[in-house]
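> have a look at this prediction, sequence included:
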Amino acid sequence: MTSDIELIAMVSGAACVAGLVLAVVALVGTRRPAGPRPGARSPLHRLGLTGGSPHEQRSRRLLLGGALLAGALAFLVTGLPVVGLLVAVAVPGTPWLLGVGKAEQRAIERIEAVGEWTRRLKDVSATGQGLQQSIVGTINTVPEEIQEEVRLLAARLQAGWLARSALLAFADEIGDPVCDQVVAALILHLTDRGERLGDVLGSIASAAAAEVTTRREIEAKRTQPRFAVRFLTGMTLATLAYGLVNTEYVRPYGTPVGQFVMTILGVAFIGLLVWVRSMSQPPRPARFLPAPDPQEVVA
């Protein structure tokens with residue numbers, strides 16, 4: 001009877017770990033999914049699970065492979081399928097939890113880069129060049145944080161995209177109301193061809209600098225809840241490591257009832273970590289520009 005239960009536990013553990021990784025691979029994929037519109041971002045993309053540079057995609061595949069390997073090893077060491085499942089979840093989950101705040105820091109740096117690019121666009125446009133030529137002229141001096149987006153914008157304009165659609169796609173990729181202000185000013189300039197574009201861009205660049213200062217002050221006030229996230233993550237890793245080294249610690253969970261209890265506790269604790277992490281995150285700023293219409297991309 002005992003051997004049958006152990007066999008069932010082994011098969012269940014292997015299925016749980018393999019099923020978890022396969023499910024994540026199915027959701028994430030190895031390529032950026034085709035969106036319904038240029039510049040569109042799915043919820044998985046906003047969570048950092050899809051898209052990104054080729055280097056980021058390779059890192060995600062390695063992380064998923066490491067999750068599978070670590071989960072399988074944990075199951076072999078302890079003989080407990082839920083431990084293998086928790087370890088497999090911990091491998092990609094730990095960087096996500098420890099990296100709390102990095103997305104906001106990157107967003108602030110990107111807005112600062114948008115402000116710098118706006119100033120350079122103002123200087124180039126002051127020489128009398130058209131909007132498309134001005135944007136292309138900033139490629140070599142664009143800040144690194146938004147270099148890919150600006151190059152893509154210039155490439156779309158040169159490929160024959162409607163200027164309005166290319167600019168809206170650019171704003172959608174940056175995904176911040178500060179960039180929306182810049183793009184709105186450029187779109188209005190396409191309509192009325194006013195002579196005050198430089199003044200407007202200068203004002204927006206100054207407002208972007210003030211916005212960056214405000215956001216940095218807010219980020220500094222979020223230090224305490226983010227420390228709590230890192231502390232709880234470290235405690236979780238220490239508990240898992242102790243259970244792997246000292247199998248007597250997890251032996252009481254070796255029964256089917258014990259595995260069920262461990263599952264409930266694991267899900268509850270992971271939910272607590274996610275909840276605390278969400279408390280330390282600022283709300284996403286509301287944007288006001290629409291997405292580009294796929295039917296009006298090319299003239």
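Okay, I see it.
> what ranges do the helices span in the stretch 101-250 of the chain?
Ranges of helices in the stretch 101-250 of the chain, per DSSP state H, counting those that start in this stretch, are 102-125, 131-137, 147-158, 163-174, 177-192, 197-220, 223-245, 247-250.
> got the contact list for the last one?
The contact list for helix 247-250, computed with Cβ atoms under 8 Å, 6 or more residues apart in numbering, reads 77-80, 83, 242-243, 262. (C-beta placed from N, C-alpha, C; glycine too.)
> what comes into contact with the helix or strand following it?
Counting by DSSP states H and E, the next helix or strand C-terminal to helix 247-250 is helix 256-279. Residues from elsewhere that reach helix 256-279 (Cβ under 8 Å, 6+ apart): 5, 9, 80-83, 85-86, 89, 93, 97, 100, 225, 228-229, 232-233, 236, 250, 252-253.
> let's see it at 7 Å
By Cβ atoms under 7 Å, 6 or more residues apart in numbering, the surrounding residues in contact with helix 256-279 are 80-82, 86, 89, 97, 100, 225, 228-229, 232-233, 236, 252-253.
> picking that back up, dump the helices of the stretch 101-250 of the chain to CSV, plus distance to G65.
As requested, the helices of the stretch 101-250 of the chain are exported to CSV (distance: least, Cβ to Cβ, whole Å):
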stretch, distance to G65
helix 102-125, 23
helix 131-137, 40
helix 147-158, 26
helix 163-174, 29
helix 177-192, 36
helix 197-220, 33
helix 223-245, 19
helix 247-250, 25
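> mind giving me the PyMOL command for buried ones among the contacts of helix 256-279?
Of the contacts of helix 256-279, the buried ones go into a single PyMOL selection, burial set by 16 or more other Cβ atoms under 10 Å:
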select buried, resi 80+81+82+86+89+97+100+225+228+229+232+233+236+253
